[in-house]
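# Dropping a prediction and its sequence here:
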Amino acid sequence: MTHGGGVDSIHRAFPSGSAPLPGARILRLGHISDLHVADRSRYPRNGFTARDCERHSTRLAKGLLDALREIGVDHLVVTGDLTFSGEPREFERAAELLRPFAEAGKLTVVPGNHDVWTEESVETGRFLRALGPDGKGMKKAAPSYPHVVPLGDEAVLVALDSARYGDDPWTTPGRLGGEQLRAARELAREHARLGRAVLLAFHHHVVLPPERVPSDAHVCRMPLADADQVVRLVAEVPVAAVLHGHRHTAFRVDLPGAAGPTPVLCAGSASRTADEPVRRARAYLYEVDRTGVRSVEALVAGTE
């Protein structure tokens, strides 16, 4: 199986192992994260050097996005860190990269900690003005999350904002907050009652796998401060999957769920130039029906 755009390999992982329900429509959901689009000419800036920008490649991200378009995904979710440090031109370039999905009405975007890296980026509402929850941008920044996206009659995507600005961005944890968590709980309960699979999406990690690659194991900053509340929500209300980014490694951890094990899926980074297999740039394709995530395929980018 070959796709364009410089995708080196495709492999299926975490299959459900059971046949779809009769009459159930299979949805194809794309998931990418941590593009870290950089305006290299602006650095050193915001605590980063120009060389730091080279850890990520927009070319790799574009190749993966082209592959997802070729596959014909029904929807694409981007779980944060679209920019390197929230610079204006970085938001513009990220919006350009995602425009085909936005114009088709097939895009959902949440912010990451790098998108609110500076006080200026927060005060000017750069993320919402340039992108917003649907990638089309907003003339006036306004509260936008939870953002609910029906995926046909089979499933619903509930996008949440865990990105928080802090004076020291290197140590500022993510946080969903009580209001979003209460809303997410009610939305999950409502849609599960209607027979739809509910997928939650935000930026920060909830739990980490016990085995981690050395280059990730020492980077423990910026967790999700209220991760325990997400774990409780999943245990009490049916949630088909939790999608996130933040860690530049791809992994899955299952949480005890109200309707059985709930996969928590980290997409890694769509632009990372690392050589370690689990840190190479990638995108994910999920097959979803009303029973949940049926299968997961990783599209791994070729090397630079």
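Noted; the coordinates are in hand. Residues are numbered from 1 along each chain as shown.
# distance between the ends of stretch 97-112?
17 Å (CA to CA, to the nearest Å).
# Let me see the confidence value for the spatially most central residue of the chain.
The residue lying closest to the centre of the chain (CA atoms, centre = their mean) is Thr79, at 2.0 Å. At Thr79, the predicted lDDT confidence score is 98.
# which residues does it contact?
Neighbour list for Thr79: 31-34, 110, 112, 201-203, 243-246, 267 [criterion: CB atoms under 8 Å, 6 or more residues apart in numbering]. C-betas here are computed from N, CA, C, even on glycine.
# Touching, Thr291 and Gly195? I think so.
No. Using CB atoms under 8 Å, Thr291 is not in contact with Gly195; the gap is 9.5 Å.
# the more surrounded of the two?
Under the criterion of other CB atoms under 10 Å, the comparison of Thr291 against Gly195 puts Thr291 first, with 18 against 10.
# nearest spatial neighbour of Val237, skipping sequence neighbours?
Leaving out its chain neighbours, the residue that sits closest to Val237 by CB to CB, 6 or more residues apart in numbering is Ala188, at 4.6 Å.
# Check for me that Val278 belongs to a strand.
No. With DSSP: H, G, I helix; E, B strand; the rest coil as the criterion, Val278 is helix rather than part of a strand.
# how many other residues sit next to it?
21.
# Surely it touches His248?
No. With contacts counted by CB under 8 Å, Val278 stays clear of His248, the gap being 9.1 Å.
# Overlap in contacts, the two.
Gly268.
# From Glu123, how far off is the residue nearest to Tyr145 when sequence neighbours are not counted?
Leaving out its chain neighbours, the residue that sits closest to Tyr145 by CB to CB, 6+ apart is Asp161, at 4.0 Å. Asp161 is 16 Å from Glu123, where distance means CB to CB, to the nearest Å.
# can you check Arg247 too?
With CB to CB as the criterion, Arg247 and Glu123 are 28 Å apart.
# who's more crowded, these two?
Arg247 (22 against 10).
# Tell me which stretches of the stretch 151-300 of the chain form helices.
Using DSSP state H, counting those that start in this stretch, the helices of the stretch 151-300 of the chain run over residues 178-193, 214-217, 227-236.
# worst average pLDDT in those helices?
Minimum mean pLDDT among the helices of the stretch 151-300 of the chain: helix 214-217, a mean of 72.
# Which secondary structure state does Asp34 sit in?
coil.
# Spell out which residues sit in contact with the residue nearest to it when sequence neighbours are not counted, please.
Closest residue to Asp34 apart from its sequence neighbours, by CB to CB, 6+ apart: Ser269 at 3.9 Å. Going by CB under 8 Å, 6+ apart, Ser269 touches Ser33, Asp34, Leu35, His36, His56, Gly245, His248, Arg279, Ala281, Arg282.
# What of Glu96?
Contacts of Glu96 (CB under 8 Å, 6+ apart): none.
# what helix or strand is it on?
Assigning secondary structure by DSSP states H and E places Glu96 in helix 88-103.
# And the average pLDDT for that helix is what?
The model assigns helix 88-103 a mean pLDDT of 98.
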